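1. got a sequence here, can you model it:
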Amino acid sequence: MKIAAIGIAGLVAACAVTAVTVFSLRQDETPEPAIALDLPAQIAHPDPLRFEPGRTEEYERAAAFGLSHVLFEKSPGGAIRAARRTARFRAMVDEATSGTGIDPDVVEAIVLLESAGRQDVIAGDDPANAAGLTQIVAETATNFLGMQVDLEESRRLTRLVGEAVRRGDDAEAAGLQSQRREVDARFDPEQALAGTVRYLTEAKEVFGRDDLAVVSYHMGIGNLSDVVRAYTARQDDPIDTVVREADIDYVHLYFDSSPTVHRVSWELLASFGDDSQTYYWRVLGALGIMHLLRNDPARLERLAELHDRLPSAALVLHPPSAREQYADATQLRDAVGHGALVPVRLSNGARFTIDPQLLRVLASMTENPADYLALRPRAARLLAYLAAKVHELSDEERPLGLTRAAYDEEATTQLTPHDPGARADADVHSTGFAFDIRRRYGSGAQAAAFQWTLERLEALGLIAWTRGRSVIHIVVSPQADVRS
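-> Okay, the predicted model is just below:
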């Protein structure tokens with residue numbers, strides 16, 4: 001992560017989908033002051049993928065949950081160790097934010113997301129890139145934040161640090177890192193935190209909002225200003241005036257921008273290829289992790305265990321101890337008979353089809369293929385909705401191909417494709433909440449529409465998904481209830 005340079009990236013022409021659902025905390029829980037990484041509960045609405053103003057906190061909670069998996073998956077040494085490293089800098093964070101109006105919890109979350117609490121980390125090999133505890137690029141440090149950065153000397157010392165590490169000379173490496181802190185302020189935690197707080201303070205002055213200031217830390221003040229102006233179609237007024245009078249928060253900019261609504265702002269957001277548009281949600285996820293570290297470490301450990309076991313948040317949606325699974329063909333058949341599983345419906349208006357390969361496999365293994373062409377009702381509705389949305393946005397007549405639906409544990413060996421992405425989540429199929437879609441599309445527009453739909457549903461906590469070599473594996477939340 002880094003503080004982005006100011007400017008507009010080129011537009012990317014791709015097809016996507018407006019997809020928004022509103023969530024709230026579970027009713028049996030006391031609201032927490034920090035973002036909670038809880039399974040969001042969907043609020044019923046005739047069109048659950050339509051943006052609903054006035055629910056900023058619920059959207060934020062949903063997105064923090066939906067996009068938190070990467071924090072558990074990618075944090076060096078795991079999320080818990082990264083959070084503990086980050087917590088060591090809390091006193092410095094409090095000192096840096098004291099009297100500034102900047103929330104120390106948010107700054108601490110930025111540290112976790114940016115560096116996982118490692119003060120000497122560099123994005124790549126060149127310290128001209130993002131570096132230090134809060135990952136500030138050298139140009140921004142010198143030109144915008146007034147930090148001392150002798151880049152050539154920093155490069156020399158970085159090279160020597162690398163050589164010492166390769167030799168296994170930890171004492172020499174530590175001494176060189178200490179020298180580097182003298183010539184490059186980004187590697188000094190106190191100065192790095194002070195620089196980040198200065199940036200957030202300046203950005204808050206520009207936008208008049210804390211959330212937009214945090215977004216701009218990665219996206220850049222200029223880029224975010226352009227998104228705000230595109231969304232509001234106001235080019236001349238001061239940006240804080242535009243934000244205040246149009247009542248803009250980042251929930252609006254992200255969830256209410258699409259190819260069909262506020263298309264220009266969506267194109268700008270889509271053009272930032274470095275995850276800038278999801279940065280704020282990941283900061284909120286990091287905030288939730290730090291909150292759990294201090295207030296409910298057992299729960300954090302359980303979340304980390306579930307996230308770490310699969311390449312998606314599938315087990316967070318369906319923890320092994322809390323899910324019903326079908327052990328054999330008899331249980332699967334009974335579930336279909338009782339309506340716990342419903343057949344996937346291939347009506348004339350359906351925008352998906354059954355992959356012929358699946359039909360061949362079923363014909364050879366069972367006398368009741370229909371039992372394996374069923375899903376939980378909520379998963380079946382989400383499949384139909386997803387396929388319809390992809391068709392609507394891509395105008396592609398070739399339907400998506402369903403390659404797997406529900407199956408029992410005994411059938412796992414026969415029905416799981418020889419695909420790393422499918423094998424990892426195979427047992428979730430026995431809950432009836434998982435299905436696979438063939439990665440074979442009628443057009444680039446269909447592929448792009450499918451990709452965007454998946455990303456937006458994930459951001460809303462409705463699904464977890466992974467990309468295999470031949471299939472997209474989708475696990476539906478037990479709270480999801482979309483209608484096609």
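
2. list the buried residues for stretch 303-319?
-> 303-304, 306-307, 310-318 (16 or more other CB atoms under 10 Å). The C-beta positions use only the backbone N, C-alpha and C, and glycine is treated the same way.

3. hang on, I meant stretch 282-300
-> By 16+ other CB under 10 Å, the buried positions in stretch 282-300 come out as 282-293, 300.

4. give me the distance from that stretch to the chain's centre.
-> Offset of stretch 282-300 from its chain centre (CA atoms, centre = their mean, to the nearest Å): 16 Å.

5. averaged pLDDT, that stretch. What do you get?
-> Averaged across stretch 282-300, pLDDT comes to 96.

6. kindly report the same for stretch 366-378.
-> Stretch 366-378 comes out with an average pLDDT of 94.

7. what lies in contact with it?
-> The contact list for stretch 366-378, computed with CB atoms under 8 Å, 6 or more residues apart in numbering, reads 329, 332-333, 335-336, 339-344, 354, 359, 362-363, 380, 383, 405-407, 411, 415, 431-433, 435, 476, 478, 480-481.

8. kindly recompute the last result at 6 Å.
-> Here stretch 366-378 makes contact (CB atoms under 6 Å, 6 or more residues apart in numbering) with 332-333, 336, 341-344, 362, 405-407, 432-433, 480-481.

9. let me have the buried residues of stretch 303-319 in TSV, adding secondary structure as columns.
-> Output for those, formatted as TSV (DSSP: H, G, I helix; E, B strand; the rest coil):
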residue	secondary structure
303	helix
304	helix
306	helix
307	helix
310	coil
311	coil
312	coil
313	coil
314	helix
315	helix
316	helix
317	helix
318	coil
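
10. how about those, which pair is most distant?
-> Based on CB to CB, the longest span within the buried residues of stretch 303-319 runs between 304 and 318 and measures 16.7 Å.

11. quick one: the strands in this structure?
-> For the chain, the strands defined by DSSP state E cover 23-24, 41-42, 342-343, 352-354, 374-375, 400-404, 434-438, 463-467, 471-476.

12. taking strand 463-467 as reference, get the angle to the longest one.
-> Read that as strand 471-476. 170 degrees (axes from the mean of the first three to the mean of the last three CA atoms, to 10 degrees).

13. tell me the strands beside strand 471-476, with direction?
-> Strand pairing for strand 471-476, determined by DSSP bridges: strand 434-438 (antiparallel), strand 463-467 (antiparallel).

14. I'd like the average pLDDT over the last one.
-> Regarding strand 463-467, the rounded mean pLDDT is 94.

15. give the buried residues for it.
-> Buried positions in strand 463-467, judged by neighbour count with 16+ other CB under 10 Å: 463-466.

16. then that strand to CSV, C-alphas only?
-> The C-alpha trace of strand 463-467 is given here as CSV (Å, rounded to 0.1, in the frame of the first residue of the first chain):
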residue,chain,number,x,y,z
ILE,A,463,-20.7,-14.7,-0.9
ALA,A,464,-17.2,-15.9,-0.6
TRP,A,465,-15.5,-17.0,-3.9
THR,A,466,-12.3,-18.3,-5.3
ARG,A,467,-10.9,-18.6,-8.8
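
17. coming back round to it: for the buried residues of stretch 282-300, which one is nearest residue 157?
-> Of all those, residue 157 sits closest to residue 286, with 29.3 Å by CB to CB.

18. quick one: the helices in the stretch 51-200 of the chain?
-> 56-66, 69-74, 79-87, 90-97, 104-115, 138-143, 151-167, 170-183, 189-207 (DSSP state H, counting those that start in this stretch).

19. that older thread, in helices, which of the buried residues of stretch 282-300 fall?
-> Of the positions in these, 282-293, 300 sit in helices, assigned by DSSP state H.

20. so can I have a markdown table of those showing distance to residue 398?
-> Written out in a markdown table, the entries for these read as follows (distance: CB to CB, whole Å):
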| residue | distance to residue 398 |
| --- | --- |
| 282 | 35 |
| 283 | 39 |
| 284 | 38 |
| 285 | 36 |
| 286 | 40 |
| 287 | 43 |
| 288 | 40 |
| 289 | 42 |
| 290 | 46 |
| 291 | 46 |
| 292 | 45 |
| 293 | 48 |
| 300 | 44 |
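
21. show me the shaky parts of the stretch 301-450 of the chain.
-> 420-424 (pLDDT under 70).

22. quick one, helices of it?
-> Assigned by DSSP H, counting those that start in this stretch, the helices in the stretch 301-450 of the chain fall at 314-317, 329-338, 356-365, 377-394, 412-415, 420-424, 444-459.

23. what about the fourth one, distance to the chain center?
-> Taking CA atoms, centre = their mean, one finds helix 377-394 lying 21 Å from the centre of the chain it belongs to.

24. low-scoring stretches of the stretch 1-150 of the chain, by residue?
-> Using pLDDT under 70, the flagged stretches of the stretch 1-150 of the chain are 1-36, 41-49.

25. of the buried residues of stretch 282-300, just say which sits nearest to residue 139.
-> Residue 139 lies nearest to residue 283 out of the buried residues of stretch 282-300, by CB to CB, at 22.5 Å.

26. neighbours around the closest residue to that closest one other than its chain neighbours, how many?
-> With sequence-adjacent residues excluded and distances taken as CB to CB, 6 or more residues apart in numbering, residue 283 is closest to residue 109, at 5.1 Å. Neighbours of residue 109 under the rule other CB atoms under 10 Å: 28.

27. same check on the one 4 residues further on?
-> If you count neighbours by other CB under 10 Å, residue 113 ends up with 27.

28. that one contacts residue 287, correct?
-> No. Using CB atoms under 6 Å, residue 113 is not in contact with residue 287, being 9.2 Å away.

29. what touches both of the two?
-> Common contacts of residue 113 and residue 287 (CB under 6 Å, 6+ apart): none found.

30. before we move on, the earlier item: could you dump the buried residues of strand 463-467 to JSON lines with distance to residue 444?
-> Shown next, in JSON lines, are these (distance: CB to CB, whole Å):
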{"residue": "463", "distance to residue 444": "23"}
{"residue": "464", "distance to residue 444": "25"}
{"residue": "465", "distance to residue 444": "20"}
{"residue": "466", "distance to residue 444": "21"}
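
31. pull the most distant pair out of the residues you listed.
-> Between any two of those (CB to CB), the greatest distance is 10.5 Å, for 463 and 466.

32. identify the residues contacting residue 314.
-> 425, 428, 464, 475.

33. same deal with residue 78?
-> With CB under 6 Å, 6+ apart, residue 78 has no contacts at all.

34. separation between residue 467 and residue 138?
-> 34 Å (CB to CB, to the nearest Å).

35. typo on my end, it should be residue 428
-> Taking CB to CB as the measure, residue 428 falls 45 Å from residue 138.

36. what about those two, which has more around it?
-> Neighbours were counted for residue 428 and for residue 138 using other CB under 10 Å; residue 428 has more, 24 against 21.

37. and the residue lying closest to the more buried one once chain neighbours are set aside, how many residues sit next to it?
-> What sits nearest to residue 428 in space, not counting adjacent residues and going by CB to CB, 6+ apart, is residue 434, at 4.4 Å. The tally of other residues near residue 434 (other CB under 10 Å) stands at 29.

38. what do you get for residue 231?
-> Counted by other CB under 10 Å, the residues lying close to residue 231 total 22.

39. also residue 409?
-> Using other CB under 10 Å, residue 409 has 16 neighbouring residues.
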